[in-house]
Each structure stands twice: as structure tokens, then as C-alpha cells.
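Visitor: What follows is a predicted structure for the sequence shown.
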Amino acid sequence: MRSVIDILDLSTDELDSLTGTALDIIDHPADYAQACRGKKLATLFFEPSTRTRLSFEAAMYELGGNVLGFSEAASSSAAKGESVADTAKIVSCYADIIAMRHPREGAALVAAMNATVPVINGGDGGHCHPTQTLADLLTIRREMGRFDHLTIGVCGDLRYGRTVHSLINAMSRYEGTRFVLISPEELRVPAYVERETLQKNGVPYRQTADLDGAIPSLDVLYMTRIQRERFSDPAQYERLKDCYVLTPDKLANAGKNMAVLHPLPRVNEISVAVDADPRAAYFRQALNGKYMRMALILMLLSEAEKSADRNISLPDGCLTGAHTCRNPRCISAVEQELPRVFRPDGHEKGVYRCLYCETAAED
Ligand code: NCD
């Protein structure tokens, strides 16, 4: 049985096959209307969401299944101090599949390690957001007609934006991908994304703070919100919050087929005047998210039916209890009984990373 916590949990073939299923659902919705009859999806949202939760729920309804869950931590036993592990065990008694969002990095992996049904990560702190990437992929495919040989500009909060980390991971696998990473110095992508994804796969990329200078070279411009809730220093947020605003003037210098994506919600980084431009793909992207979540639910439920194995195995060479994670946003920072597990870095010898949030251990 498999969960999807990180976009890396899906192979390139699987990404292509999910995209194929989503396109088929778009063309033949009636063929899928009873596909999950009798099945239940639990949506466990410990953090606010509009698109992710509602599109998961709409996806399950359109597959003929049912939905249960909660939309804020305050209405679950988390408010009484229940651990993520216990919640996952309990919900496994009531549902066939779980979609979960949590403010702590690594929380979805903890749920997957304890659930007896598949878990889908709908966002864990600033870490990963694989199903947003599925929506992004279908959008790129439908807008651009292909995944290969694209120059992708990613602009805004590349440090805390979890959708960015998962998107870079997915698009790095396709031939000819180039990234232009556009952000202020303080909001550049985390070092582990640069090292473990971009450098390891030899993907060409450059970092710049200059959106205007980058725009003419892009096939896709992926705008993001500055993630206010993840800043520990409110003054830093205030200083950076308006660093990029995409306007029709700026778009005038873009290619006529460039697609503008945004995971949404937007605050003010894309002016409303851009919405009327045919290159603005972000509302279509939100709809694509529903189709990709339908495809993913179908795939995981059909796999779970075939597999009796309910365990997630740890990667080889893990250390338990030797280190404590120093990331204050990690699930292990608040759940004292969670085993402190570190896995070897896939790239750098002798470096260990927290199993849950990927932060490197201190020597
Ligand atoms: C994103 C998220 O939650 O990370 N939203 C979404 O799922 N569509 C982006 C964001 O909140 O900025």
C-alpha cells in the first residue's frame, strides 16, 4: 500500500499516466461516475484551505464516493493534544483513503507511517505539496502541449512556498527543463532543493531578483504568494510582501504563448487586471487540480485493494535517537514521543537528514 507524501513518491511514468487518466476523465466523465462507489475519503485539514480540500472532496463525489473529515484543527482531537499518529490510526478505521494538510513539516509522513489506508499529503508546513504539483503538471500539459524543453520562471517566496519545492522536483525530471528562480535574496529556495534536486539532476538554473529581466525568456511563469504565516519575523514579512506584482505592463514583455500559473490564493502578486489576459492560466489550473486528484484517488485505491502490505519501510541506513531535528517547524519539534529518525543524504556522504522534514542534522 502506498501513500503520496512527496512528489518523488511518484515516478515519471506515473506522473504521465495520472495526466493521461485526468485527460480521459475530462473527455469521458460518465465513465468514472461510479468508480469509487462505497468508498470513503477523509479530509483532515489542520490548516486553512479552499482549493485543496474542496477539490479533493469534489473529486471523490465525482467518482461516486463519499467524504468525511474536518477543516480546522480546533474541531478535531488535535485541540485536546492528540498526536498525528493516533489521529491517523483512528481515521483508518473510518475511511479508505486520507487527504491531509498540517502546518508542521513531516506531519503527513507521520500519518502515513501510522495509517492503514493510503495518505495523500495536501501540504505539510513549508515542505511539500505534491497534489498541487499534479494540478500544475496538467496545466502545463494543457497550456503548452508538452512537458519537455520548457523554461520555467518561479517567482516570489521560493523559501517557504511548498508548492515550489514539489514543482521543481517534478519538472526537473523532464528533458530540456530550465529554471529561472526569481526571488529576493532572503526567499531563495532552500539549500536542500538546490543540492538534492537541481544540482543532482544537472538541471540548468539561475537565480535572480529581477522579474522584468527574466520575463521575455520564459515559457511558464509560476507566481507565488509570500507565505506570511511561515515567517518568524513579522518585520521581514512586511519588508518583502510586495516585492513582486505582475501587471499587464510587465506581461507586455512576455512571449505570446507564455502561461501564467499560480497555486492561489493570490494576495496582490498578480493584479486583477491580468485575469483577462488569455495567458492567465491560474483559474484553469484550480480546475485541473480536481481532475488530477480524481486520477490519484483512483490509482491509490486500486493499488490498496491489491496490496496486503500495510507498512512503510524506512530507507536503508537510518539512525534513530542519535540526533534531534533543529527545524522549529518540524513535527518532531512538538511531538515528543515521535522517534527521532535521520536518513542518509542521497548525495553528500556522512550527512544525515531528518526523515520528516529533510533538515540536515548538526554534527
Ligand atoms: C498553496 C498552499 O497551500 O501551499 N495553496 C494551494 O494549495 N493551492 C499556496 C499558498 O498557500 O500560497
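Guide: That came through fine.
Visitor: measure the residue in the stretch 101-250 of the chain that the ligand sits nearest to to Phe283 for me?
Guide: When scored by C-beta to the nearest ligand atom, the stretch 101-250 of the chain has Arg225 as its residue closest to the ligand, at 3.9 Å. C-beta: built from backbone N, CA, C; applies to glycine. Arg225 sits at a distance of 16 Å from Phe283 (criterion: C-beta to C-beta, to the nearest Å).
Visitor: which one of those two has more residues nearby?
Guide: For Arg225 versus Phe283, the count of surrounding residues by other C-beta atoms under 10 Å is larger for Arg225: 20 against 11.
Visitor: Asn327 is in contact with Arg104, correct?
Guide: No: counting by C-beta atoms under 8 Å, Arg104 stays clear of Asn327, with 9.8 Å between them.
Visitor: Pick out whichever of the two has more residues nearby.
Guide: Arg104 (23 against 20).
Visitor: now the more buried one, nearest residue through space, not along the chain?
Guide: Leaving out its chain neighbours, the residue that sits closest to Arg104 by C-beta to C-beta, 6 or more residues apart in numbering is Ile331, at 4.0 Å.
Visitor: contacting residues for that neighbour?
Guide: Applying C-beta atoms under 8 Å, 6 or more residues apart in numbering to Ile331 gives the contacts 84, 102, 104-107, 110, 124, 338, 356-357.
Visitor: Do you know the pLDDT at it?
Guide: At Ile331, the pLDDT value in this model is 98.
Visitor: sorry, back to before: where do the contact lists of Arg104 and Asn327 overlap?
Guide: Contacts common to Arg104 and Asn327, judged by C-beta under 8 Å, 6+ apart, are Ala333.
Visitor: In a helix, Glu186, correct?
Guide: Yes: according to DSSP: H, G, I helix; E, B strand; the rest coil, Glu186 belongs to a helix.
Visitor: Val180 versus that one, what's the distance?
Guide: Taken as C-beta to C-beta, the span from Glu186 to Val180 is 18 Å.
Visitor: now swap in Gly317 and tell me
Guide: Relative to Val180, and taking C-beta to C-beta, Gly317 is found at 36 Å.
Visitor: The two - which one has more neighbours?
Guide: Val180 (22 against 9).
Visitor: Next to the ligand in this structure, residues from the stretch 101-250 of the chain, please.
Guide: Taking C-beta under 6 Å from any ligand atom, the part of the stretch 101-250 of the chain that reaches the ligand is made up of 123, 129, 132, 162-163, 225.
Visitor: Would you show me how to pick out the buried ones of these in PyMOL?
Guide: Filtering these down to the buried ones (16 or more other C-beta atoms under 10 Å) takes a single PyMOL command:
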select buried, resi 123+129+132+162+163+225
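Visitor: So which of the residues of the stretch 101-250 of the chain next to the ligand sit within strands?
Guide: Within these, residues falling in strands by DSSP state E are Gly123.
Visitor: Kindly indicate which of the residues of the stretch 101-250 of the chain next to the ligand lies nearest Ser71.
Guide: Nearest to Ser71 out of those is Gly123 (C-beta to C-beta; 13.4 Å).
Visitor: got the domain boundaries for the protein?
Guide: 7-129+287-306, 140-283, 316-363 (automatic domain parsing).
Visitor: For the residue nearest in space to the middle of the chain, give me its contacts.
Guide: By C-alpha atoms, centre = their mean, the mean C-alpha position of the chain lies nearest to His129, the distance being 1.3 Å. By C-beta under 8 Å, 6+ apart, the contact set of His129 is 52, 121-123, 162-163, 165-166, 263.
Visitor: Show me which pair in those is furthest apart.
Guide: Spatial extent of the contacts of His129 (C-beta to C-beta) is set by the pair Thr52 and His165 at 15.7 Å.
Visitor: Now do stretch 51-60: everything it contacts.
Guide: Contact with stretch 51-60 is made by 36, 39, 41, 43, 45, 66-67, 69, 71, 99, 101, 120, 122-123, 129, 131-132, 135, 263-265, 286, 289-291, 293-294, 297, as judged by C-beta under 8 Å, 6+ apart.
Visitor: Inside helices: which ones of those residues?
Guide: 131-132, 135, 286, 289-291, 293-294, 297 (DSSP state H).
Visitor: nearest to the ligand, of those?
Guide: Comparing the ones in helices among the contacts of stretch 51-60 against the ligand with C-beta to the nearest ligand atom picks out Gln132 as the nearest, at 4.9 Å.
Visitor: any idea how far that closest one lies from Thr50?
Guide: From Gln132 to Thr50 the distance is 13 Å (C-beta to C-beta).
Visitor: Show me the shaky parts of the stretch 251-363 of the chain.
Guide: Within the stretch 251-363 of the chain, the stretches with pLDDT under 70 are 310-311, 363.
Visitor: Near the ligand, which residues of it are found?
Guide: Counting by C-beta under 6 Å from any ligand atom, the stretch 251-363 of the chain comes close to the ligand at 263-264.
Visitor: all helices in the stretch 251-363 of the chain, in order from the N-terminus.
Guide: Assigned by DSSP state H, counting those that start in this stretch, the stretch 251-363 of the chain shows helices spanning 282-306.
Visitor: Could you report the neighbour count for the closest residue to the ligand within it?
Guide: Of all residues in the stretch 251-363 of the chain, Pro263 sits closest to the ligand, at 3.9 Å by C-beta to the nearest ligand atom. Per other C-beta under 10 Å, the neighbour tally for Pro263 reads 27.
Visitor: All further residue positions should be reported with the first residue as 14.
Guide: Happy to do that; since the first residue is 14 now, the last one works out to Pro276.
Visitor: residues contacting it?
Guide: 64, 142, 145, 148-149, 176, 237, 298.
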